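> quick one, what's the 3D model for this:
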Amino acid sequence: MTKRELLKRIGSVEQVGGIRDFTFNDGKAKGVRAIEINTGELRFTVLPDRCMDIAQADFKGQPFSWISKAGIVAPEFYEKDGDNWVRGFFGGLLTTCGLRNIGSPYKDQGQHGRIANIPAAKVSVFADWVGDEYVMKVSGEMRESSAIEENLVLKRTITAKLFSNEIVVEDTLINEGFYDVDAALAYHCNFGYPLVDEGSKIVGVPDEHSKIWGPEHTLEEACITANHEGEYGWAGIENGKMGVYMTYSREVTSDFLIWRMLGESDYVIGLEPRTTALGGADIEKNGKYFKLKPFEEHHTYIKFEARDL
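Residues are numbered from 1 along each chain as shown. Next comes the predicted model:
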């Protein structure tokens with residue numbers, strides 16, 4: 001429909017979609033700002049207080065992101081020492097990892113770094129007609145900095161359109177310091193039930209890594225490298241009724257990892273574009289840091305798409 005045709009039939013865009021800005025008011029999530037975007041097809045929740053990452057997501061009422069037992073946790077409960085990062089790991093459709101470390105703890109950097117627990121500044125919400133398209137957009141920036149050390153900025157814009165089945169995440173990573181910085185970045189994209197279930201499959205990866213089975217007791221996690229080629233990578237999950245897919249630029253995140261955790265209550269498939277498949281001390285040992293020169297900028301892109309099958 002054109003804008004005019006639609007507005008003949010509704011009193012407000014909120015009847016069929018739109019943006020809702022709210023704050024959680026209970027438990028460890030208390031005080032966390034959330035922005036829910038509803039396209040009429042997709043509904044997903046952006047958390048400006050948690051790196052503008054994406055928590056819940058559903059397609060036509062069917063959830064497809066994974067939410068961990070930790071649930072949504074405010075950044076003041078961040079535990080950086082050792083592996084305690086997982087105590088605030090809500091999972092969600094997107095958790096950002098970095099910017100100085102991904103994977104195992106190393107030196108002064110806890111597991112997966114600090115960025116996921118840094119609140120956004122300069123948060124902007126846009127929802128309006130652009131021609132015949134109703135565009136919804138949230139943007140903000142996260143700064144990982146120290147008084148006498150690094151000064152890294154991650155600028156993020158998340159865009160969706162009314163009646164669309166796509167979410168676009170665009171990031172710009174900037175070194176605003178005056179010396180080179182060793183960086184690492186991973187997009188921890190987490191998919192859960194009912195998209196992930198016995199008989200579902202991962203697509204866009206080698207066949208030997210595509211199988212998904214039902215929950216198993218005390219099953220250990222597995223991390224599997226499954227790199228793509230070309231300018232863009234593509235992968236997704238299908239369950240016979242619904243498919244959710246991601247397309248990502250490989251200029252910065254050139255490696256790709258499958259995180260398979262199919263244990264009871266910890267039932268999730270992670271699809272992760274990364275600067276390196278390595279983590280922690282192994283990044284330094286193998287010279288796999290992403291080198292950022294002073295005032296250098298790099299751009300990344302991820303598109304999520306959900307479809308009926």
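
> just give the number of residues close to the closest residue to E150 other than its chain neighbours.
Nearest non-adjacent residue to E150, counting by CB to CB, 6 or more residues apart in numbering: V181, 5.1 Å away. All C-beta atoms are positioned from the backbone trio N, CA, C, and that covers glycine. Neighbour count for V181, taken as other CB atoms under 10 Å: 21.

> partners of V181 in the sheet?
L292 (DSSP bridges).

> so it touches N175, yeah?
Yes: judged on CB atoms under 8 Å, V181 makes contact with N175 at a distance of 5.3 Å.

> can you pull out the helices in the stretch 201-309 of the chain?
Taking DSSP state H, counting those that start in this stretch to define them, one finds helices in the stretch 201-309 of the chain at 281-285.

> that one: strands as residue ranges?
When secondary structure is read from DSSP state E, counting those that start in this stretch, the stretch 201-309 of the chain shows strands at 201-203, 222-225, 232-238, 242-249, 255-263, 266-274, 290-292, 297-308.

> ok, now the stretch 1-150 of the chain?
With strands called from DSSP E, counting those that start in this stretch, the stretch 1-150 of the chain shows them at 18-23, 33-38, 42-47, 53-59, 62-63, 95-99, 121-130, 133-145.

> show me the contact partners of the fourth one.
Think strand 53-59. 34, 41-47, 63-65, 67, 72, 90-96, 116, 158, 165, 167, 169, 242, 244, 304, 306 (CB atoms under 8 Å, 6 or more residues apart in numbering).

> about what we covered before: what residues are shared contacts of V181 and N175?
Common neighbours of V181 and N175, counting by CB under 8 Å, 6+ apart, are 150, 152, 292.

> ok, the second one - how many residues close by?
To tie it back to what came earlier, the one meant is L152. Applying other CB under 10 Å, we find 23 other residues in the vicinity of L152.

> assign it to helix, strand or coil.
Classification of L152 using DSSP: H, G, I helix; E, B strand; the rest coil returns strand.

> pretty sure L262 is touching T218, no?
No: counting by CB under 8 Å, L262 does not reach T218; the two are 11.2 Å apart.

> the two: who's more crowded?
L262 (20 against 6).

> OK, contacts around the more buried one?
Residues counted as contacts of L262 (CB under 8 Å, 6+ apart) are 212-216, 219, 268-269.

> now, which of the residues you listed sits nearest G233?
G233 lies nearest to I269 out of the contacts of L262, by CB to CB, at 15.9 Å.

> number of nearby residues for that closest one?
21.

> surely it meets G236?
No: look at I269 against G236 with CB under 8 Å: they stay out of range, at 10.3 Å.

> any common contacting residues for those two?
I202.

> need the strands of the stretch 1-150 of the chain in CSV with mean pLDDT, mean neighbour count and distance to I10, can you?
Shown next, in CSV, are the strands of the stretch 1-150 of the chain (pLDDT from 0 to 100; neighbours: other CB atoms under 10 Å; distance: least, CB to CB, whole Å):
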stretch, mean pLDDT, mean neighbour count, distance to I10
strand 18-23, 98, 14, 11
strand 33-38, 98, 19, 14
strand 42-47, 98, 24, 18
strand 53-59, 98, 23, 22
strand 62-63, 98, 16, 24
strand 95-99, 98, 26, 35
strand 121-130, 98, 13, 13
strand 133-145, 98, 19, 11
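
> can you lay out those strands as a markdown table showing distance to T275?
Converted to a markdown table, the strands of the stretch 1-150 of the chain look like this (distance: least, CB to CB, whole Å):
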| stretch | distance to T275 |
| --- | --- |
| strand 18-23 | 32 |
| strand 33-38 | 27 |
| strand 42-47 | 23 |
| strand 53-59 | 18 |
| strand 62-63 | 29 |
| strand 95-99 | 8 |
| strand 121-130 | 24 |
| strand 133-145 | 15 |
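
> out of the ones you listed, flag the one nearest R250.
strand 95-99 (16.6 Å).
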